[in-house]
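> below are the sequence and a predicted model for it; my questions follow.
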Amino acid sequence: MNSDINKQNSSYSLAGLFTLSLRLVAGWTYFSALWRRVVLTNKLDPELPGYIGEKFNHFLPNALGIGPLIEYMLENPDVLYFNMVSFTIIEGVVGLFFMFGFFTRLSSIGVIGLALGILLGAGWIGTTCLDEWQIGVLGIAAGFTIFFSGGGHFSLDHYLANKKGWFSSKKAAFLTSGTLPFTDAKLKQISIVGAIGILGLTLFTNQVFHGGLWGDLHNKSVSPKLEISNVILKNQKLSFQVYRVEGVDVYGSFLIKMEVLNQRKEAIFSLDADDLANFNSSKIENKYIAKVKPGKHALIIPLGAKANLNLELSPIQKEKAKFLKLTDVSGKSWIAKVQ
């Protein structure tokens, strides 16, 4: 009996040893979130450039399943700030515990949860290597693997278990490290089901976000895409909503032309790059943290930004206005019908 127990303990110790590099690297990816945002620079101040809330805003247009939650936080800046601080602390604590092998299995569940949030929120973002999708799926796989292996010999769990007490109990194993009270057959069953489930999630999200299994491959982070809606002409005021739903997250779409067209789609009103660079900010009503605003050479629309804009037309222009056309510096343009 003691021989079997010693053999099991040795197996788990070796498993934890073999996965040590995975635990250290995955742990750092989460702890580094706190390190970057608090120690290296301040990314938690809403008034400073680089506020993490704006990055969160970038997730919104194509988030999978959690879009309404993200939008609620963006529409309530105090709630967003509280969650950004909370997420940062949680990422830091989970990552640190994971690296040191302290409550390893509990922190592995935290890693799975954080990775799932990244996957569903930002899995569609990545200009070259599907960056956020890879971080998400690999984080889930790493958390699942470490849950079964535990921390092994080089972990605080192992050190504290040798001191006896609660850390050496069977109940503690579900939260810390050491031998799980399952038969080999049960462990195989759970491992296979879990691995297939994670592979299924990987393939499903790869297809949804990038068309990675069949159909046309697509990357929504490569070039900007704007959605124009609520184009309403009332009196001589033309109002519309613009929403940037695709493109690179690290810089905006740069509008260099805004035109109102007649029935033959000829321009009857036009603002060029200089006009848009000096666009009156009072005529822009931003909805989220990422803001549409005049830039040095164009009107800047960051990823995830949504705003209502207002234009003043002359009586003659009002009578002929049928379409609104926006043109990006890349040459792409979008047209919507005036209601």
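Sure, I can see it. What you are looking at is a predicted structure, and each value in this text was computed from that prediction instead of being measured. Numbers count the residues shown, from 1 in each chain.

> can you check which helix is longest in this structure?
helix 184-210 (DSSP state H).

> state the helix or strand in which Ile335 lies.
Take DSSP states H and E as the rule and Ile335 turns out to sit in strand 333-337.

> same check, this time on Leu120
helix 104-122.

> let me see the mean pLDDT of that helix.
The average of the pLDDT scores along helix 104-122 is 97.

> pLDDT of the helix or strand just after that helix, averaged?
Once the chain leaves helix 104-122, the next helix or strand it forms, by DSSP H and E, is helix 131-149. In this model, helix 131-149 has an average pLDDT of 95.

> for stretch 230-249, same thing?
pLDDT averaged over stretch 230-249 gives 94.

> list the buried residues in it.
231, 233, 238, 240-249 (16 or more other Cβ atoms under 10 Å). (Glycine included, C-beta is placed from N, CA and C.)

> among those residues, which one lies nearest to Ala33?
Asp249 (16.4 Å; Cβ to Cβ).

> hang on, that closest one packs against Trp124?
No. With contacts counted by Cβ atoms under 8 Å, Asp249 stays clear of Trp124, the gap being 10.2 Å.

> now do the shared contacts for those two.
Common neighbours of Asp249 and Trp124, using Cβ atoms under 8 Å, 6 or more residues apart in numbering, are Ser221.

> bridged to Val242, which residues?
Ile228, Ala307 (DSSP bridges).

> how about the one 4 residues further on?
Using DSSP bridges, the bridge partners assigned to Glu246 are Lys225.

> Gly295 versus that one, what's the distance?
Using Cβ to Cβ, to the nearest Å, Glu246 is found at 19 Å from Gly295.

> how far does the helix holding Leu120 sit from the chain's center?
Computed by Cα atoms, centre = their mean, to the nearest Å, the separation of helix 104-122 from the middle of its chain amounts to 12 Å.

> buried residues, it. List them.
So, applying 16+ other Cβ under 10 Å, buried residues of helix 104-122: 104-105, 107-112, 114-122.

> return that helix as PDB; C-alpha atoms alone will do.
Written as PDB, here are the backbone C-alpha positions of helix 104-122 (Å, rounded to 0.1, in the frame of the first residue of the first chain):
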ATOM      1  CA  THR A 104      -1.300  25.600  -8.000                       C
ATOM      2  CA  ARG A 105      -4.500  24.000  -8.900                       C
ATOM      3  CA  LEU A 106      -6.600  26.900  -7.700                       C
ATOM      4  CA  SER A 107      -4.500  29.300  -9.700                       C
ATOM      5  CA  SER A 108      -4.700  27.000 -12.700                       C
ATOM      6  CA  ILE A 109      -8.400  27.500 -12.700                       C
ATOM      7  CA  GLY A 110      -7.800  31.200 -12.500                       C
ATOM      8  CA  VAL A 111      -5.500  30.900 -15.600                       C
ATOM      9  CA  ILE A 112      -8.200  29.100 -17.500                       C
ATOM     10  CA  GLY A 113     -10.700  31.700 -16.600                       C
ATOM     11  CA  LEU A 114      -8.500  34.600 -17.600                       C
ATOM     12  CA  ALA A 115      -7.400  32.900 -20.800                       C
ATOM     13  CA  LEU A 116     -11.100  32.300 -21.700                       C
ATOM     14  CA  GLY A 117     -11.800  35.900 -21.200                       C
ATOM     15  CA  ILE A 118      -9.000  36.900 -23.500                       C
ATOM     16  CA  LEU A 119     -10.100  34.400 -26.100                       C
ATOM     17  CA  LEU A 120     -13.800  35.400 -26.200                       C
ATOM     18  CA  GLY A 121     -13.000  39.100 -25.900                       C
ATOM     19  CA  ALA A 122     -10.000  39.600 -28.100                       C
END
